[in-house]
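Q: Here is a sequence together with a model predicted from it:
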Amino acid sequence: MTTYTPMMQQYLTIKSEYEDAFLFYRLGDFYELFFEDAVNASQILEITLTSRDAGSKDRVPMCGVPHHSAQNYIETLVSKGYKVAICEQTEDPKQAKGVVKREVVQLITPGTLMEGKTIDGKSNHFIASAEQLSEHIFSLAYLDVSTGEANTTIVEGGIKSLLQQLISLNIRELVVTEQLQILLEEPAKHLSLVLSLEKEEMPNEKSGQYIENLPENLHAVARSLLQYVERTQMRSLSHIQPFTYTETKQLLRIDSNSKRNLELLQSIRGGDQKGTLLWLLDETVTAMGGRKLKQMLHQPLANQTLIEQRLAIVTDLLDEFFVRDELQELLKKVYDLERLAGRVAFGNVGGRDLAQLRESLRQVPFIKGQLLQSGKETLMQLGNSLDECVEIEELLSRAITDHPPIAIKEGDVIRDGYNEKLDELRYASRNGKDWIAQLEQKEREITGIKNLKIGYNRVFGYYIEITKSNVANADLTRYERKQTLANAERYITEELKEKEAIILNAEEQSLALEYDLFVELREQLKEYIPRVQALASKISELDVFISFAHVSEKYRFIKPTFHEGRALKIVNGRHPVVEKMLNKQMYVPNDCVLTEDKNMMLITGPNMSGKSTFMRQVALIVVLAQIGCYVPAEEAELPIIDQIFTRIGAADDLVAGQSTFMVEMLESQHAITNATEKSLLLFDEIGRGTSTYDGMALAQSMMEYIHDKIGANTLFSTHYHELTALEQQLAKLKNVHVSATEKDGKVVFLHKVREGAADKSYGVHVAKLAEMPDAIIERAQTLLEQFESKEPTPVAEDDLQLSLFEEVNQPAELSGAEQEVLEKLEKMNIMGTSPIQAINVLYELQQTLLSKK
Ligand SMILES: Nc1ncnc2c1ncn2[C@@H]1O[C@H](COP(=O)(O)OP(=O)(O)OP(=O)(O)O)[C@@H](O)[C@H]1O
């Protein structure tokens, strides 16, 4: 059996409790890693792998990182999905008998990382926990360890919905039970989601205050999350707020695919936020406000009263231009109160953090003043609800210096006058020089030596220096010789030695005392955390509402109104993001009117005419209205929508590598099974991933189903012109088209939505635009006329035949190459071809002709 040194035995014992983490074992100024940890970490972190004699036959692999720069390394590991256990020396090595005591003081995991470059101030960093309540229903709890926000929700719709929810909340780590661990193992790999097992739940008596707002069936999931966070963080979690639960019926629910399709928070292309609704709306000036805005976009409301309350504040802020600007200037000086409160609770708050807290609190009376003076009811109410946290501000003003350094052990953190003992010590060290100067004077008088001086060096401390020529003339019996130089002697006296000890000690003691006082203050501040958090929440909302008002003013938004029915009326609505992105060109506003009797629209029109833009615009107006913001339109009378479903574009499916058509069908299925008559459905080009007949048949049957069974407000767009005939059959359906016109032989997109179905020949016009040879255009026109003369009618519900077209005979007199070109052309889906693709096809066709000549 291998016998290791006692230190290595200690290491192995500790490591055995943290098998799934890298153990950072503190050794002097370094954190060392051993064995497999060392081998793996040296590769991931690109640091040198060495080895160490550990009493065994073979040397043990080892690598290490300096204590002061460990944060970066820890972050790298954690951001790659690993866990890091920090093992510190928990007794003074000087006092230790045998091996210094060590303990793991924190387990840093992907979901609990609190700071560093990977943590974006304007985003929440949630860790979540999930449990299965029944076959298709899960409970989900998630909290942000850095800010203390804690929420819960119920996820319906099976494991796929759960995964979607995790993606949309950007969860990196999920705390699970064994059963769920097995179920989620595979999908978690695809999503780089770390699954952490937690077998216990925080006992009732400890978790009571956190879960008191929750319905019974959410207790377990919240308690197991709390247990995990407490177990890994091993310190005060006093800043964790009680879990919130919002009944789903109070919220406008949008599944994560639809959020992505509508580009609410993420753009479809991935990457930065440019082009998203968030990008347009975010004029917040605090990190807290930025996070609050994201939360609002994640969960728009479906409660008219709450929405109208928000809108009323925005209206008042819009009216009060000066107040709004003043408020925004003040908010710029408010730091991230939530994360500061988190650090206070966590015990890693520094002097500079407290100065930031103080600076932020000093703004509150001014913010309050502005709100109260505005004379507007909603703003005054908000003002009255702000807690100035006077005691905290006073305490911090008394305790902390104006510009404390980052480090808390180097002094200059605690202000003079805060503590008597500290003042004395500081007096002693600061006034040391005065005292020395006085002593110099005194000694000169006593000895009569005019150039006697007192100096200081690190080795000998303070000394009295007398030049050799003077030594003989003076009575130096009180002096003790310390050092002889070429032309001078250096002495010390009892008095000087005593004073020296006082001065140097005072310095050391004052630093130590300052640190103690700081720690004490930090403890004292903990009791105020809930008040700071409540204030933070109000301030962040104010920041968001000011941002709404700014954006509404800048982009000429108007206030929407709501009613209890289903009718939706938008006059001259705009897609705010497309409008912002258009250079010079004017955005063409469009109406969208859905009534109780006509609440489905079938939109036709050529490629690039603006069909998707129109559909998205309607959804974005609904979202904006239901987060409590004004909307880009001249008039908007809206119903309260309960859910939005979209089937737009061909975004990749993150959860499983499914074919585009399968994704389309899954999304449609999800919409159709979950939508209610209060929902909004957007189906863009449904059925185009499969053959024409197949696709058209599916599109028609879905429309019929929605029409007859669901009754939701629905916008459909299609390239299957044949579907427009459905207007005759479905009473609530109306045709609209996005118009285009021809000018000088070219297609001009008007982007204007008009009543009725589109003219079908725009595909040919687009081909013209792409400068296809005249012969092709003419031939296509002839073929089109032939198709038109054989136009099929949509099939009756009970007689769904798939052969809607009859074959078109090809003329016989053409050459082989010409025949081939025409066949290709015939098969081409011109409506589904972009101008660039058209040019490519054209090139190919031309090559076919040339090569066969
Ligand atoms: N109302 C509008 N005013 C001005 N420009 C618009 C408008 N609507 C759309 N556009 C412009 O037209 C482009 C194409 O719009 P969109 O993608 O909605 O077309 P589409 O008809 O859905 O095309 P496709 O059928 O190829 O998907 C937009 O990127 C935008 O630049």
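A: Good, I have the coordinates. Residues are numbered from 1 along each chain as shown.

Q: burial count for the nearest residue to Thr724 once chain neighbours are set aside?
A: Closest residue to Thr724 apart from its sequence neighbours, by C-beta to C-beta, 6 or more residues apart in numbering: Ala757 at 3.7 Å. Where you see a C-beta, it was placed from the backbone N, CA and C, and this is true even at glycine. Neighbour count for Ala757, taken as other C-beta atoms under 10 Å: 19.

Q: what's the answer for Thr646, then?
A: Thr646 - counted by other C-beta under 10 Å - has 26 other residues nearby.

Q: now swap in Phe24 and tell me
A: Neighbours of Phe24 (other C-beta under 10 Å): 26.

Q: Can you name the helix or strand that it falls in?
A: strand 21-27 (DSSP states H and E).

Q: Help me confirm that the residue nearest to Thr724 comes into contact with Lys734.
A: No: using C-beta atoms under 8 Å, Ala757 is not in contact with Lys734; the gap is 9.9 Å.

Q: which residues do these two both contact?
A: Both Ala757 and Lys734 are contacted by 602, 727, under the criterion C-beta atoms under 8 Å, 6 or more residues apart in numbering.

Q: ok, and what's touching the following helix or strand past the strand holding Phe24?
A: Remark: after strand 21-27, the chain's next helix or strand is strand 30-34, criterion DSSP H and E. Here strand 30-34 makes contact (C-beta under 8 Å, 6+ apart) with 8, 11, 15, 22-26, 38, 41-42, 52, 54, 60-67, 70, 86-87.

Q: just to revisit the earlier point, if you average pLDDT over the strand holding Phe24, what comes out?
A: For strand 21-27, mean pLDDT is 93.

Q: Which neighbouring elements make contact with that strand?
A: Counting contacts by 3 or more C-beta pairs under 8 Å, 6 or more residues apart in numbering; DSSP states H and E, strand 21-27 packs against helix 6-17, strand 30-34, helix 35-45, helix 70-79, strand 83-89, strand 102-108.

Q: any idea how far that strand is from the chain center?
A: Here strand 21-27 shows a centroid-to-chain-centroid distance of 30 Å under the convention C-alpha atoms, centre = their mean, to the nearest Å.

Q: Helix 70-79 and that strand, what's the angle between them?
A: 170 degrees (axes from the mean of the first three to the mean of the last three C-alpha atoms, to 10 degrees).

Q: So what touches strand 21-27?
A: With contacts defined as C-beta under 8 Å, 6+ apart, strand 21-27 is touched by 11, 14-15, 31-34, 37, 40-41, 64-65, 67, 70, 74, 77, 82-89, 102, 104, 107.

Q: Make a ChimeraX selection of the buried ones in these.
A: Buried subset of these, written as a ChimeraX selection, criterion 16 or more other C-beta atoms under 10 Å:
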select :11,14,15,31,32,33,34,37,40,41,64,65,70,74,77,82,83,84,85,86,87,88,89,102,104,107
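
Q: ok, how many other residues are close to whichever residue of the stretch 551-700 of the chain sits closest to the ligand?
A: Residue nearest to the ligand within the stretch 551-700 of the chain: Gly610 (2.8 Å; C-beta to the nearest ligand atom). For Gly610, the tally of surrounding residues (other C-beta under 10 Å) stands at 24.

Q: now swap in Ala780 and tell me
A: 21.

Q: start the count at 53, not 1, going forward
A: Renumbered: residue one is now 53, and that last one reads Ala832.

Q: what sits against the residue of the stretch 603-752 of the chain closest to the ligand?
A: Contacts of Gly662 by C-beta under 8 Å, 6+ apart are 640, 790, 801, 803, 805.

Q: Out of the residues you listed, which are close to the ligand?
A: 640, 803 (C-beta under 6 Å from any ligand atom).

Q: For the contacts of Gly662, work out which two are farthest apart.
A: Farthest-apart pair in those is Phe801 and Val805; separation 12.0 Å (C-beta to C-beta).

Q: of the two, who's got more company?
A: Counted by other C-beta under 10 Å, Phe801 and Val805 do not tie: Val805 has more neighbours, with 23 against 17.

Q: Check the secondary structure at Leu382 for me.
A: Following DSSP: H, G, I helix; E, B strand; the rest coil, Leu382 is assigned to helix.

Q: what about the closest residue to the ligand within the stretch 703-852 of the chain, which SS state?
A: The minimum distance from the stretch 703-852 of the chain to the ligand, using C-beta to the nearest ligand atom, falls at His803 (3.4 Å). With three-state DSSP as the basis, His803 sits in strand.

Q: Around the ligand, pick out the residues from the chain.
A: 630, 639-640, 642, 657, 659-665, 803.

Q: For those, give me TSV that also has pLDDT.
A: As requested, these are exported to TSV (pLDDT from 0 to 100):
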residue	pLDDT
Val630	93
Tyr639	92
Val640	93
Asn642	95
Gly657	84
Asn659	77
Met660	79
Ser661	83
Gly662	88
Lys663	90
Ser664	91
Thr665	93
His803	87
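
Q: Is there a quick ChimeraX command that grabs whichever of these are buried?
A: Applied in ChimeraX, the following selects the buried portion of those according to 16+ other C-beta under 10 Å:
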select :630,639,640,642,657,659,660,661,662,663,664,665,803
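
Q: Which ones among the residues of the chain next to the ligand lie within strands?
A: Among the residues of the chain next to the ligand, DSSP state E puts 642, 803 in strands.

Q: Out of the residues of the chain next to the ligand, flag the one nearest to Thr885.
A: Asn659 (7.1 Å).

Q: so the closest one touches Ile888, yeah?
A: No: counting by C-beta under 8 Å, Asn659 sits too far from Ile888 to count as a contact (11.0 Å).

Q: OK, contacts around Ile591?
A: Contacts of Ile591 were listed using C-beta under 8 Å, 6+ apart, and they are 338, 340-341, 383, 386, 389, 416, 419, 438.

Q: With neighbour count, distance to Lys212 and secondary structure added, can I get these in a markdown table?
A: Converted to a markdown table, those look like this (neighbours: other C-beta atoms under 10 Å; distance: C-beta to C-beta, whole Å; DSSP: H, G, I helix; E, B strand; the rest coil):
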| residue | neighbour count | distance to Lys212 | secondary structure |
| --- | --- | --- | --- |
| Thr338 | 26 | 36 | coil |
| Met340 | 26 | 33 | helix |
| Gly341 | 26 | 33 | helix |
| Leu383 | 22 | 40 | helix |
| Val386 | 26 | 41 | coil |
| Leu389 | 26 | 37 | helix |
| Val416 | 21 | 45 | helix |
| Ile419 | 23 | 44 | helix |
| Leu438 | 18 | 43 | coil |
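
Q: Among those residues, which one sits closest to the ligand?
A: The closest of the contacts of Ile591, once distances to the ligand are taken by C-beta to the nearest ligand atom, is Gly341, at 30.3 Å.

Q: give me the number of residues near the residue nearest to the closest one when sequence neighbours are not counted?
A: Counting by C-beta to C-beta, 6+ apart, Asp595 is the residue found nearest to Gly341 once chain neighbours are left out, at 2.8 Å. Asp595 has 26 neighbours, counted by other C-beta under 10 Å.

Q: Likewise for the one 3 residues further on?
A: Taking other C-beta under 10 Å as the neighbour definition, Ile598 ends up with a count of 24.

Q: got the buried residues for the helix or strand where it lies?
A: Here Ile598, judged by DSSP H and E, is contained in helix 581-606. Using 16+ other C-beta under 10 Å as the test for burial, helix 581-606 gives 581, 584-604.

Q: cool, and stretch 647-654?
A: Buried-residue list, stretch 647-654, by 16+ other C-beta under 10 Å: 651-654.

Q: Next, Pro691: phi, psi?
A: phi -90, psi 170 (degrees, to the nearest 10).

Q: Now do the contacts for the residue nearest to it when sequence neighbours are not counted.
A: Nearest residue to Pro691 in three dimensions, chain neighbours excluded: Arg618, at 4.9 Å (C-beta to C-beta, 6+ apart). Residues near Arg618 by C-beta under 8 Å, 6+ apart: 646, 648, 651, 691, 729-730, 765.
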